[in-house]
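Visitor: Next come a sequence and a model predicted from it.
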Amino acid sequence: MAWPTVIINILNMMRGPIPGVEFHFLFVVYGTVAGTERNLIMVDNTTDFADSTFDNIDPVHMLTLKAAQLNGKQNWTAGVIVLDPADSWQAAVFKANETSSFEAVVLDKPVTATSTLEDAVACRTELKAKLGREVFMICTLPGINDSDAGETWAQWLAATVPVPKSIASEYITVVPQVHKDNSTIGIYAGRLANQEVSIADSPARVKTGSVLGSMALATDKNGKPLELATLKALEAARLAVPMWYPDYPGQYWTTGRTLDVPGGDFQDIRHIRVAMKAARKVRVRAIARIADREFNSTPGSEASAKLYFTQDLREMAVVTKIGDYEFPGEIKPPQDEDITITWVNSEEVEILLAVTPYECPVKITIGIMLNQRLGE
């Protein structure tokens, strides 16, 4: 006979929210630094970059930070690490990740060779392999030399387009510096970090508003302004560039192109961002289920596991309604067929999750016809 006893256990079912790192970017910039310490500085929308704390940052890189802050608008946050040109930026990125986690790394270092983009791919891969971090990289290409001995737009385009041509990675997005003040990468990073919209929204979204700050675009050595034809050629080469609409005030953006291969699912930055968010959430859920016998191959357990592993997808799919206006979620609500559980053996299980983005028009064709009503 058992001795009369009451035992109360408080069970943690791991169904609570998981903090996100979305919209929080790491900026790698350059300036005048002494010694070997390279500290991570946390900044936000209230930070005054005129403060003496930032006196060592090169003015060009300061423009990047200010443009990102301005276009990131309210609730903008970021990490900044200031390097000497001789420093290893990869080591700095890993050091910063010891302190904080980031959705993206903004490498404000003009790429002059394909090798820098190859290094960015390798760095991102190492972050995933060693720390389990899901990040994407924003890189930049040098602007045009507009001096008398400089380049025409045709010459600059011929030198710029080949740089990313051989790179294949959906985690890399590249911006050519086409603004006069070289703030293009900051503007792009700011639009991606703007929390007025979700990570599922494209930087091309006109309703988000025009580019903020200086919109002055570069000119070539002959004083010829940048034309839409040049920007279209850059976009076709998988680069993310600003653009504008004739007779429509303001400056906007193209889709956030990545260096994914033709035919890839993640050629648009908004798609890889929602996939990475889902991956970050589900990874934590999976860790909590290691060696948990409640997760087994019985029908009841698998049904419970499907609900457990899709709970973050359901949260990402929440639709917000205000009156008659509806704000769609980051993805469409997951269906039963969007999760599959396969037991490889008694100790290894594979879970396949599908996330379904919403359709989003970046090309709208409107046909207008004449309706002649006879006899009216």
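Guide: Everything's here; your move.
Visitor: In the stretch 251-376 of the chain, where is pLDDT below threshold?
Guide: 374-376 (pLDDT under 70).
Visitor: So which residues of it form strands?
Guide: For the stretch 251-376 of the chain, applying DSSP state E, counting those that start in this stretch gives strands covering 320-322, 325-327, 339-345, 348-353.
Visitor: Out of those, flag the one nearest S210.
Guide: Between S210 and those, the shortest separation by CB to CB is 21.4 Å, and it involves strand 325-327. Placement of C-beta: from N, CA and C, glycine included.
Visitor: What is the closest one packed up against?
Guide: strand 320-322 (3 or more CB pairs under 8 Å, 6 or more residues apart in numbering; DSSP states H and E).
Visitor: Helices along the stretch 251-376 of the chain, start to end?
Guide: Using DSSP state H, counting those that start in this stretch, the helices of the stretch 251-376 of the chain run over 269-287, 299-309, 311-316.
Visitor: how about the last one: buried residues?
Guide: If I follow you right, that is helix 311-316. Buried residues in helix 311-316, counted by 16 or more other CB atoms under 10 Å: Q311, D312, L313, M316.
Visitor: Over to stretch 325-334?
Guide: Residues P328, G329, E330, I331, K332, P334 are the ones in stretch 325-334 that count as buried (16+ other CB under 10 Å).
Visitor: pretty sure the first one contacts E359?
Guide: Put plainly, it is P328. No: counting by CB atoms under 8 Å, P328 stays clear of E359, with 10.0 Å between them.
Visitor: For V6, grab the count of nearby residues.
Guide: Neighbour count of V6, defined by other CB atoms under 10 Å: 4.
Visitor: quick one, phi psi at it?
Guide: V6 adopts backbone torsions of phi -120, psi 120, taken as degrees, to the nearest 10.
Visitor: residues contacting it?
Guide: Counting by CB atoms under 8 Å, 6 or more residues apart in numbering, V6 makes contact with nothing.
Visitor: How much space separates it from R15?
Guide: V6 sits 26 Å away from R15, going by CB to CB, to the nearest Å.
Visitor: Not counting its neighbours along the chain, what's nearest K224?
Guide: Nearest non-adjacent residue to K224, counting by CB to CB, 6 or more residues apart in numbering: W153, 6.3 Å away.
Visitor: for the stretch 51-200 of the chain, which spans come out with low pLDDT?
Guide: Counting by pLDDT under 70, the stretch 51-200 of the chain contains no low-confidence segment.
Visitor: in it, which spans are strands?
Guide: Under DSSP E, counting those that start in this stretch, the stretch 51-200 of the chain gives strands at 77-83, 104-110, 136-141, 172-176.
Visitor: Could you check the angle the third one makes with strand 172-176?
Guide: Spelled out, that is strand 136-141. Put simply, strand 136-141 runs at 30 degrees to strand 172-176, going by axes from the mean of the first three to the mean of the last three CA atoms, to 10 degrees.
Visitor: Who are the packing partners of strand 136-141?
Guide: Secondary-structure packing of strand 136-141 (3+ CB pairs under 8 Å, 6+ apart): strand 104-110, helix 114-131, strand 172-176, helix 184-192, helix 269-287.
Visitor: so how many other residues sit close to S115?
Guide: S115: 10 surrounding residues under other CB under 10 Å.
Visitor: mind listing what it touches?
Guide: The contact partners of S115, taken as CB under 8 Å, 6+ apart, number zero.
Visitor: same deal with A354?
Guide: P334, E337, D338, I339.
Visitor: Need the buried ones from these selected in ChimeraX.
Guide: Applying 16+ other CB under 10 Å to these leaves a buried subset, and the ChimeraX line that selects it is:
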select :334,338,339
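Visitor: Switch the contacts of A354 over to CSV; also include distance to A216.
Guide: Shown next, in CSV, are those (distance: CB to CB, whole Å):
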residue, distance to A216
P334, 45
E337, 51
D338, 46
I339, 50
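Visitor: so which pair among the contacts of A354 is furthest apart in space?
Guide: Greatest spatial distance in the contacts of A354: P334 and E337, 9.0 Å, computed using CB to CB.
Visitor: circling back: now for the strands of the stretch 251-376 of the chain, which one comes closest to T258?
Guide: strand 348-353 (20.8 Å).
Visitor: Can you tell me which helices and strands the closest one packs against?
Guide: On a contact count with 3+ CB pairs under 8 Å, 6+ apart, strand 348-353 meets helix 269-287, helix 299-309, strand 339-345.
Visitor: List the buried residues in that strand.
Guide: V349, I351, L353.
Visitor: again, but for stretch 355-364
Guide: Buried, per 16+ other CB under 10 Å, within stretch 355-364: V355, P357.
Visitor: can you list the helices and strands packed on strand 136-141 in TSV and add distance to L70?
Guide: Output for the helices and strands packed on strand 136-141, formatted as TSV (distance: least, CB to CB, whole Å):
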stretch	distance to L70
strand 104-110	15
helix 114-131	25
strand 172-176	16
helix 184-192	6
helix 269-287	20
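Visitor: Kind regards, and thank you for your time.
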